[in-house]
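Peer 1: Let me see the structure of the following:
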Amino acid sequence: MSAATAHRTDSAPRPGRPDERGIHRRLWDLIGGRSERPSWMEKPSPALSALKTIVILAVSISILVPMLVVVSTSLASDSEIREAGGYVLFPTDPTLEAYRTIFASPLIFRALGVSVLVTVAGTLIALFVTITMAYALSRPVLFGKPMLLGIVLTMFFSPGLIPLYLMIKELHLLDSLWSLILPTAFAAFNFIVMRSFFMALPQELLEAARIDGASDFRILWQIVMPLSKAVIAVIGLFYAVAYWNSFFNAMLYINDQELWPIQLILRSYVIQGTSMTADQLGVQQSAAPQSIKMAVVVVALVPILLIYPFLQKYFSKGVITGAVKG
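Peer 2: Numbering: from 1, shown residues only. The predicted model follows:
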């Protein structure tokens, strides 16, 4: 028996032999649910399970209660909002008047259309740029490392608002939807995740396709992309959420109110507290201003909330695999 084995044998508590660990150490191990076995073989202690339950409940309540207040206020009447002081937790007489006003308003309906168009077109363009560049730089190409280094440096250095605005102006993209799509059509972080995922694919499969005469575009379309559905779905969701929530570019480059996205409407009329009158909304009669504001928030949240659950299952496979491997 080696010295290390003998030391481990002597240090472990034996039947009939008092535990040499201090009483405070044993109590701490009991509270924390620790033992000599690996952690994945042990059940958490009652105290730790209770602590986890309390934390999860606290986080869930802090998220669900504000959302409930927003939805309830959007369904409340003007009198209920005045009696509650601006926000309603449980409306006694719910009404859909605020949502009828929103979808009858040319301003908000047009802003929703702009946001949907920018999100769909921007996500498709961004995915095309990211996928093609990630695949190209995952292959041994000439000047690949300097180009990769230049892309990584963009994560740490930004040209600034003034040079970017002047470039958009010189390209004649002001008051154009392209100014909301092209400046954010590429993200270095998404590119790195996707490139790492592509590099983790079996190289033998790609080499076999190349020997059979397949071109790079055919390999990308018929082999790489079907094997990368998880990371493509995750990166696509990242781009879609970024485009949908973006308002800063519209605030900088869009002066025409007809081209405002829904997020800029939220900023102007909800966050800054500007009153949304019937004339501004373009309707004959409107509901309570506070309920309209909360209804706009709900309408802006619903599309992402509907898409997110369908792509949630791809997160661990897409992001973790792409970030760890390669």
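Peer 1: Show me the shaky parts of the stretch 201-326 of the chain.
Peer 2: Within the stretch 201-326 of the chain, the segments meeting pLDDT under 70 span 270-287, 312-326.
Peer 1: ok, now which ones touch the nearest residue to D78 once chain neighbours are set aside?
Peer 2: Nearest non-adjacent residue to D78, counting by C-beta to C-beta, 6 or more residues apart in numbering: A288, 3.8 Å away. Bear in mind the C-beta positions are built from the backbone N, C-alpha and C, glycine included. A288 is in contact with A76, S77, D78, I81, A98, counting by C-beta atoms under 8 Å, 6 or more residues apart in numbering.
Peer 1: any idea how far A84 is from A288?
Peer 2: Using C-beta to C-beta, to the nearest Å, A288 is found at 11 Å from A84.
Peer 1: same thing with A98?
Peer 2: With C-beta to C-beta as the criterion, A98 and A84 are 15 Å apart.
Peer 1: Please say which of these two ends up with more neighbours.
Peer 2: More neighbours surround A98 than the other of A98 and A84, with 25 against 17 (other C-beta atoms under 10 Å).
Peer 1: domains of the protein?
Peer 2: 21-95, 97-324 (automatic domain parsing).
Peer 1: Please work out which of these is packed deepest.
Peer 2: domain 97-324 (a mean of 17; mean count of other C-beta atoms under 10 Å).
Peer 1: Give me the distance between that one and the centre of its chain.
Peer 2: The chain centroid and the centroid of domain 97-324 are separated by 10 Å under C-alpha atoms, centre = their mean, to the nearest Å.
Peer 1: ok, now stretch 68-75?
Peer 2: In terms of C-alpha atoms, centre = their mean, the centre of stretch 68-75 is set 24 Å apart from its chain centre.
Peer 1: tell me, what residue is most central in this structure?
Peer 2: F238 (5.1 Å; C-alpha atoms, centre = their mean).
Peer 1: Touching, it and N190? I think so.
Peer 2: Yes. If you go by C-beta atoms under 8 Å, F238 and N190 touch, sitting 5.8 Å apart.
Peer 1: out of the contacts of A288, which one sits closest to S196?
Peer 2: A98 (45.8 Å; C-beta to C-beta).
Peer 1: mind checking the backbone torsions on that closest one?
Peer 2: A98 adopts backbone torsions of phi -60, psi -40, taken as degrees, to the nearest 10.
Peer 1: where does the stretch 1-150 of the chain dip in pLDDT?
Peer 2: Looking at the stretch 1-150 of the chain by pLDDT under 70, you get 1-42, 142, 144.
Peer 1: all helices for it, in order.
Peer 2: Here the stretch 1-150 of the chain has its helices, by DSSP state H, counting those that start in this stretch, at 3-11, 23-32, 46-75, 78-84, 97-104, 106-137, 144-153.
Peer 1: Quick one: closest of those to D175.
Peer 2: D175 lies closest, by C-beta to C-beta, to one member of the helices of the stretch 1-150 of the chain: helix 106-137, at 12.3 Å.
Peer 1: Which strands and helices lie in contact with the closest one?
Peer 2: On a contact count with 3 or more C-beta pairs under 8 Å, 6 or more residues apart in numbering; DSSP states H and E, helix 106-137 meets helix 97-104, helix 144-153, helix 178-181, helix 188-199, helix 229-245, helix 262-266, helix 278-281, helix 289-311.
Peer 1: TSV for those helices, including distance to N255?
Peer 2: Shown next, in TSV, are the helices and strands packed on helix 106-137 (distance: least, C-beta to C-beta, whole Å):
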stretch	distance to N255
helix 97-104	24
helix 144-153	32
helix 178-181	11
helix 188-199	30
helix 229-245	20
helix 262-266	11
helix 278-281	17
helix 289-311	21
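Peer 1: Among those helices, which comes closest to V71?
Peer 2: Comparison of these against V71 by C-beta to C-beta identifies helix 289-311 as nearest, at 5.9 Å.
Peer 1: packing partners for that closest one?
Peer 2: helix 46-75, helix 78-84, helix 97-104, helix 106-137, helix 229-245, helix 262-266.
Peer 1: one more time with 6 Å, if that's ok
Peer 2: helix 46-75, helix 97-104, helix 229-245 (3 or more C-beta pairs under 6 Å, 6 or more residues apart in numbering; DSSP states H and E).
Peer 1: centre of the chain versus the first one, how much separation?
Peer 2: Put plainly, it is helix 46-75. For helix 46-75, the distance to the chain centre is 20 Å (C-alpha atoms, centre = their mean).
Peer 1: And that helix, what does it pack against?
Peer 2: Using 3+ C-beta pairs under 6 Å, 6+ apart, helix 46-75 sits against helix 289-311.
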